[in-house]
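Asker: Mind looking at a prediction? Sequence and model below.
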Amino acid sequence: MIRPIKSVQDHQTAKERMEDLILSSENKDVSDEIEVLATLIEKYERSHIITEAPSALAAIKLRMEQKNLSARDLEPFIGSRARVSEVLSGKRKLSMDMVRALHEGLGIPYESLMKKEEIGSATSIEVSQPVLTKLKEFGFDLKLADISDFLKSAFGQQYVPRLNRKTRTQRASGKTDQNALLIWQGAVLTKAMRNPPIGEFTSSAFSKRFLRSIAQLSTHPQGPLRAVNELSKHGVIVVILPVLPGTFLDGAVMLLNGRTPVIGLTLRHDRTDNFWFTLLHELAHLAKHFDILSSSDHVFFDELDIETDDEIEAQADSLAKNCLVPSKHARVCKNKFASTEQIENASEEAGVHVSIIAGRWQKEHGDYKKFSRLIERNSVRDMLQSA
């Protein structure tokens, strides 16, 4: 049982427990316990220990300087050159495997590797003029001096934004402006407050069968609008908000006031197949990962053009794909020589819009010319934004 740390013995016991979990456990279910222990240890050390451990990034850079290491020398502990670059630039958080390897290989203390980055305040958020200009187009006429109140209104008066806390996955562009992403999230939550759902959310209701029923709405001429309305009846708010300068995502799922699910969609690719896959992907996160969303203010940001080997994203991808095109109807998507007639027949049998089957085939084969006439474009944004 995790308890507050009130003494030197408690502090030592917590450190030993965290080290045991990091070293010996391959079970990813313990990651929440590790995170809580790290928070308790850091809180105790801030109050009782004058010399604080450096942050993870500072500790890594210090060891590089001490041992005269280059970025390439970190690859055995962190991974590919690109991954090392992301870690050193602060764009990627350390995984448990990285923490183990850096501790065992370079002797960097766990206290530093598990130390959370400093939390910034809403008043320290820097927002570029292009972001403010785009926000005005979306109905948010803000000056730089208004950002603090805007964020407090969106996230709550007691909320202090942590830019790197968002997600346990890495499906977000390394080029993303984290401040702009935070502002985008705040705008999504603000719009969600203005349009509360009709019904109450119950996580158990979001079964594979329910997601399949949402996917089958795609055959209706007003399918996207019907899906948004149906989700509102089940306690989920869908917000359409285009990307801000410096952000590159397709969608996200988050909680409003820690309770109400909110799905934000950018529709940056205004294609019918992209809309349905993004929507189902975020619903899959709700169906399979609601415990993560509700545990500690997590948000799943998804740029779905990015391939990932992350287990959580793979689970959401798999469920979304299977709900859109069940395996017995998906064989045509594997057929390099599939005909238009076969694609149309498969969509009819699966009970989904033909764009979904055609788009799945294009993705499978990397060929975006074939079946392009079957992909419906430039209709979803107008339908949803004018509703």
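Answerer: Looks like it arrived, so ask away. Numbering: from 1, shown residues only.
Asker: hey, let's count contacts and neighbours off CA atoms from now on
Answerer: Will do.
Asker: Need the contact partners of the lowest-mean-pLDDT helix or strand in the chain.
Answerer: The weakest-scoring helix or strand in the chain, judged by mean pLDDT, DSSP states H and E, is helix 31-48 (a mean of 74). Here helix 31-48 makes contact (Cα atoms under 8 Å, 6 or more residues apart in numbering) with 2, 4-6, 11, 14-15, 18, 21-22, 52, 111, 114-116.
Asker: and the most centrally placed residue in the chain, what are its bridge partners?
Answerer: Per Cα atoms, centre = their mean, the C-alpha nearest to the average position across the chain is that of Phe300, at 2.0 Å. Listed by DSSP bridges, the beta-bridge partners for Phe300 are Val253.
Asker: hang on, isn't it packed against Asp250?
Answerer: No - proximity of Phe300 to Asp250 does not meet the contact threshold set by Cα atoms under 8 Å, at 11.0 Å.
Asker: Overlap of the contact sets of those two?
Answerer: Common neighbours of Phe300 and Asp250 (criterion: Cα under 8 Å, 6+ apart): none identified.
Asker: quick one, strands of the stretch 201-350 of the chain?
Answerer: Taking DSSP state E, counting those that start in this stretch to define them, one finds strands in the stretch 201-350 of the chain at 237-240, 251-256, 260-265, 300-302.
Asker: Buried residues, the third one. List them.
Answerer: Meaning strand 260-265. Buried residues in strand 260-265, defined by neighbour count with 16 or more other Cα atoms under 10 Å: Thr260, Pro261, Val262, Ile263, Gly264, Leu265.
Asker: wait, what's in contact with the second one?
Answerer: Think Pro261. Going by Cα under 8 Å, 6+ apart, the list of residues near Pro261 reads Phe201, Gly235, Val236, Ile237, Val253, Met254, Leu255, Leu286.
Asker: 6 Å - rerun?
Answerer: Under the criterion of Cα atoms under 6 Å, 6 or more residues apart in numbering, the contact list for Pro261 reads Val236, Met254, Leu255.
Asker: neighbours of the closest residue to it other than its chain neighbours, just the number please.
Answerer: Nearest residue to Pro261 in three dimensions, chain neighbours excluded: Leu255, at 4.5 Å (Cα to Cα, 6 or more residues apart in numbering). For Leu255, the neighbour count with other Cα atoms under 10 Å is 19.
Asker: the domain parsing of this structure - what is it?
Answerer: Domains of the chain are assigned by automatic domain parsing as 8-113, 159-324.
Asker: Relative to Arg63, how far out is the closest residue to Leu113 other than its chain neighbours?
Answerer: Nearest residue to Leu113 in three dimensions, chain neighbours excluded: Ala56, at 4.3 Å (Cα to Cα, 6+ apart). As judged by Cα to Cα, to the nearest Å, Ala56 and Arg63 stand 11 Å apart.
Asker: for Phe140, same thing?
Answerer: In this structure, Phe140 lies at 45 Å from Arg63, with Cα to Cα as the measure.
Asker: again, but for Pro224
Answerer: Distance of Pro224 to Arg63, given as Cα to Cα: 53 Å.
Asker: try Ile343
Answerer: In terms of Cα to Cα, Ile343 sits 56 Å off from Arg63.
Asker: cool, His103 as well?
Answerer: Relative to Arg63, His103 is positioned 11 Å away (Cα to Cα).
Asker: again with Ala180
Answerer: 32 Å.
Asker: More neighbours: these two, which one.
Answerer: Ala180 (21 against 14).
Asker: Report the secondary structure state of the more buried one.
Answerer: Three-state assignment for Ala180 (DSSP: H, G, I helix; E, B strand; the rest coil): helix.
Asker: Quick one: residues contacting it.
Answerer: With contact set as Cα under 6 Å, 6+ apart, Ala180 has no partners.
Asker: at 10 Å instead, please
Answerer: Contact analysis of Ala180 by Cα atoms under 10 Å, 6 or more residues apart in numbering lists Ile125, Glu126, Val127, Ser128, Val131, Leu132, Gly186, Val243, Leu244, Pro245, Gly246, Thr247.
Asker: ok, those vs Ile375, which is closest?
Answerer: Ile375 lies nearest to Val243 out of these, by Cα to Cα, at 22.4 Å.
Asker: Skip the chain neighbours and tell me the closest residue to that closest one.
Answerer: Val243 sits nearest to Thr266 (Cα to Cα, 6+ apart), 5.7 Å away.
Asker: The one you found and Phe248, how far apart?
Answerer: 9 Å.
Asker: can you list the weak-confidence ranges in this protein?
Answerer: Within the chain, the ranges that satisfy pLDDT under 70 run 1, 24-29, 45-54, 115-124, 157-175, 296-297, 386-387.
Asker: Okay, buried residues for the longest helix belonging to it please.
Answerer: When the chain is parsed with DSSP state H, its longest helix is helix 272-295. Neighbour counts using 16+ other Cα under 10 Å place 272-290, 292-294 of helix 272-295 among the buried residues.
Asker: and it, how far from the chain's centre?
Answerer: Its chain's C-alpha centre and that of helix 272-295 lie 10 Å apart, by Cα atoms, centre = their mean, to the nearest Å.
Asker: who's in contact with Thr133?
Answerer: Contacts of Thr133 were listed using Cα under 10 Å, 6+ apart, and they are Phe140, Asp141, Leu142, Lys143, Leu244, Pro245.
Asker: Scan the residues you listed and report the most crowded one.
Answerer: Using other Cα under 10 Å as the neighbour criterion, Leu244 leads the contacts of Thr133 with 21 neighbours.
Asker: Next one: the nearest residue to it once chain neighbours are set aside relative to Ile343, how far apart?
Answerer: Sequence neighbours aside, Val131 is the residue nearest to Leu244 in space, at 6.0 Å (criterion: Cα to Cα, 6+ apart). As judged by Cα to Cα, Val131 and Ile343 stand 41 Å apart.
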